[in-house]
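# any chance you could fold what I've pasted below:
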Amino acid sequence: MTKQKENAISRRGFIGKASLISAAIMSPRFLMSCKSPSDDIALGFIGCGKQAMGLQDSFLKTNQVKMLAAADVYEGKLKRFAANLSGCDTYGDFRKILDRKDIQAVVIAVPDHWHAAIAVMAAEAGKDIYCEKPLSLTIKEGRAMVNAARKHHRVFQTGSMQRSWPEFRQAVELVRNGYIGDIKHVTVNVGPPPKPYDLPAEPIPDGLDWQFWLGPNVKESAFNHNLAPGLNDDFWAHWRDYREFGGGYVTDWGAHMFDIAQWGLDMDASGPVSVTPPDKDHPYLTYQYANGITMTHEPPNKDNGLTFFGTKGQVHVVRGKIETTPEELATRTIGANEKHVYHSENHYIDFLDAIRKRSKPICDVEIGHRTATVCNIGNIAYQLNRPLQWDPVKEEFKNDAEANQLTGREMKKEWNVL
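Got it, this is the predicted structure:
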């Protein structure tokens with residue numbers, strides 16, 4: 001080929017590419033920030049209770065999703081969830097959502113005793129996952145969720161949305177940058193641990209598949225509307241109060257507040273090395289980290305919050321408010337050259353962005369698992385009522401077979417992920 005012909009071909013190639021670029025720039029789709037319905041993430045919701053209704057609103061407000069399906073064992077809640085959605089199919093069995101190739105991601109908003117089984121199956125089905133906190137009912141189930149997400153290369157966001165709120169980011173960056181000196185202690189003010197299920201039996205309402213609601217649990221538990229409220233019951237379900245289904249307020253609110261403590265202490269990949277229940281020397285459940293920092297679980301005072309205590313001051317943070325000593329730190333601008341944590345303005349958009357980028361979101365499954373573990377080892381110490389030594393690398397208690405048995409649970413074969 002002559003040099004003249006090569007130049008002619010190169011010129012034609014350039015003109016062709018330039019024409020394509022010009023057409024793309026002038027297209028209506030480009031002028032609308034490259035947004036078209038085909039860019040929307042296709043979601044399936046698993047669990048359609050009170051929390052799911054809030055999540056539906058949060059995801060719809062992103063204007064980046066289409067909700068193609070929903071599943072719940074309570075027919076009335078399923079119908080309510082889908083009532084104002086166009087083209088949302090409904091199922092009594094969540095596995096029908098996992099079978100659909102057109103659904104990219106699932107939002108899991110069911111009681112804690114179901115989280116692991118559904119999340120592992122969703123990962124195996126190739127779905128990205130948004131799962132409510134606390135991530136898991138037991139430590140071994142949490143690790144199974146991490147393993148499944150990693151094995152199948154899934155994006156997994158834990159629903160700890162406080163990480164996307166400015167007051168918590170400010171608190172963490174103040175701590176990380178040493179504005180209150182060396183951290184010595186953290187208090188987390190949330191409610192009590194769970195208790196064994198003790199509610200009286202009530203008639204099972206029409207439209208509720210109670211056996212499916214119980215799911216992985218081996219032990220039969222009688223229906224009571226406090227576990228699965230009806231459409232006219234305007235309260236948060238109390239399944240979270242009982243050991244068979246949840247972790248009490250230690251995991252319910254604790255999964256939010258211990259999460260921020262872990263974030264501030266830069267312990268997202270680790271955790272405490274010991275936990276001691278209240279005794280003559282410890283008025284409150286007390287955790288200790290390998291670096292000597294202690295953390296206590298204390299009852300709510302005026303709010304569900306947490307406080308970092310340092311050698312030069314303190315930071316108290318709750319939803320919508322941060323209080324500091326010295327006072328001016330609350331509004332201190334963290335400089336560009338200082339330490340910064342992952343910045344997310346919207347927990348739901350962050351998840352959707354991570355799906356598109358195939359990246360880890362702000363509260364990746366490993367982070368959610370580590371936070372749930374802090375809560376769960378605390379509950380185990382409460383249950384056994386003795387000090388425990390924890391190995392955050394091996395994820396087991398040292399020289400305590402009874403405590404290690406409580407890091408998992410017996411599950412029905414169909415749903416077992418351990």
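
# for the stretch 151-300 of the chain, just list every one of the strands.
In the stretch 151-300 of the chain, the strands defined using DSSP state E, counting those that start in this stretch lie at 156-158, 183-189, 274-276, 285-288, 294-298.

# would you turn these into JSON lines with distance to N376?
Any C-beta I mention is one placed from the backbone N, CA and C, and that applies to glycine too. Shown next, in JSON lines, are the strands of the stretch 151-300 of the chain (distance: least, Cβ to Cβ, whole Å):
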{"stretch": "strand 156-158", "distance to N376": "14"}
{"stretch": "strand 183-189", "distance to N376": "14"}
{"stretch": "strand 274-276", "distance to N376": "10"}
{"stretch": "strand 285-288", "distance to N376": "12"}
{"stretch": "strand 294-298", "distance to N376": "12"}
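
# for Y130, find the nearest of those.
strand 156-158 (4.8 Å; Cβ to Cβ).

# who are the packing partners of that closest one?
For strand 156-158, the packing partners by 3 or more Cβ pairs under 8 Å, 6 or more residues apart in numbering; DSSP states H and E come out as strand 128-131, helix 347-357, helix 365-384.

# show me where the chain has helices.
3-26, 28-31, 50-60, 75-82, 95-98, 112-124, 139-151, 166-176, 210-214, 248-252, 254-264, 347-357, 365-384, 401-405 (DSSP state H).

# rank these by mean pLDDT and give me the bottom one.
Among these, helix 28-31 carries the lowest mean pLDDT, a mean of 38.

# show me what contacts E402?
Contacts for E402 were tallied using Cβ atoms under 8 Å, 6 or more residues apart in numbering; they are L384.

# let's see that with 10 Å instead.
Going by Cβ atoms under 10 Å, 6 or more residues apart in numbering, E402 touches 380, 383-384, 386, 388.

# just to check, D266 is in contact with R370?
No: between D266 and R370 there is no contact under Cβ atoms under 10 Å: 11.7 Å.

# those two: which has the busier surroundings?
R370 (24 against 15; other Cβ atoms under 10 Å).

# got the phi and psi for the residue lying closest to M267 once chain neighbours are set aside?
Using Cβ to Cβ, 6 or more residues apart in numbering and skipping residues adjacent in sequence, the residue nearest M267 is Y289, 6.9 Å away. Main-chain torsions, Y289, degrees, to the nearest 10: phi -90, psi 160.

# my guess is Y289 meets L265, correct?
Yes: judged on Cβ under 10 Å, Y289 makes contact with L265 at a distance of 6.9 Å.

# ok, back up a step: now, of the strands of the stretch 151-300 of the chain, which is deepest in the fold?
strand 156-158 (a mean of 30; mean count of other Cβ atoms under 10 Å).

# what's the local residue count around E345?
10.

# that one contacts P166, doesn't it?
Yes: at 8.2 Å, E345 counts as touching P166 under the criterion of Cβ under 10 Å.

# list the buried ones in stretch 83-102?
Using 16 or more other Cβ atoms under 10 Å as the test for burial, stretch 83-102 gives 85, 88-91, 94, 97-98, 100.

# how about G246, nearest residue that isn't a chain neighbour?
R240 (3.6 Å).

# which residues touch the one you found?
R240 neighbours (Cβ under 10 Å, 6+ apart): 111-112, 134, 191, 194, 227, 246-249, 251-253.

# swap in 8 Å and give it another go.
Counting by Cβ under 8 Å, 6+ apart, R240 touches 111-112, 194, 246-249, 251-252.

# and A237, by the same measure?
Neighbours of A237 in contact, by Cβ under 8 Å, 6+ apart: 49-50, 111, 226-229.

# surely L137 and A117 touch.
No: L137 is beyond contact range of A117, at 10.1 Å (criterion: Cβ atoms under 8 Å).

# any shared contact partners between these two?
Counting by Cβ under 8 Å, 6+ apart, nothing touches both L137 and A117.

# next one: the spatially most central residue of the chain from E132, what distance?
Compute the mean C-alpha point of the chain, and by Cα atoms, centre = their mean the closest residue is T158, 2.2 Å away. Remark: distance between T158 and E132 (Cβ to Cβ, to the nearest Å) = 8 Å.

# what's the closest non-adjacent residue to the residue nearest to the centre of the chain?
G368 (2.9 Å).

# tell me the contacts of the one you found?
131, 133-135, 142, 156, 158, 160, 259.

# what's the answer for L418, then?
L418 neighbours (Cβ under 8 Å, 6+ apart): 140-141, 144, 408, 411.

# tell me the contacts of P200?
P200 touches 222, 224, counting by Cβ under 8 Å, 6+ apart.

# if we can go back for a sec, could you pick out the buried ones from the contacts of A237?
49, 111, 226-229.

# ok, so of these, who is nearest R176?
P111 (34.4 Å).

# return the distance of Y242 relative to G142.
19 Å.

# one more: Q389?
Taking Cβ to Cβ, one finds Q389 at 20 Å from G142.

# so for these two, which sits in the more crowded spot?
Neighbour count, other Cβ under 10 Å: between Q389 and G142, G142 has more, with 27 against 16.

# you'd agree the more buried one is up against H369?
Yes: in this structure G142 lies within contact range of H369 using Cβ under 8 Å: 3.9 Å.

# what sits in contact with each of those two?
135-136.

# show me the contacts for I355.
So I355 contacts 41, 104-105, 128, 155 (Cβ under 8 Å, 6+ apart).

# ok, of the residues you listed, which one's closest to S221?
So of these, ranked by how close each gets to S221 (Cβ to Cβ), first place is A105, at 31.0 Å.

# what about the closest one, neighbour count?
So A105, with other Cβ under 10 Å, has 22 neighbours.

# neighbours around the closest residue to it other than its chain neighbours, how many?
Spatial nearest neighbour of A105, chain neighbours left out: D128 (3.9 Å); criterion: Cβ to Cβ, 6+ apart. Look at D128: counted by other Cβ under 10 Å, it has 25 neighbours.
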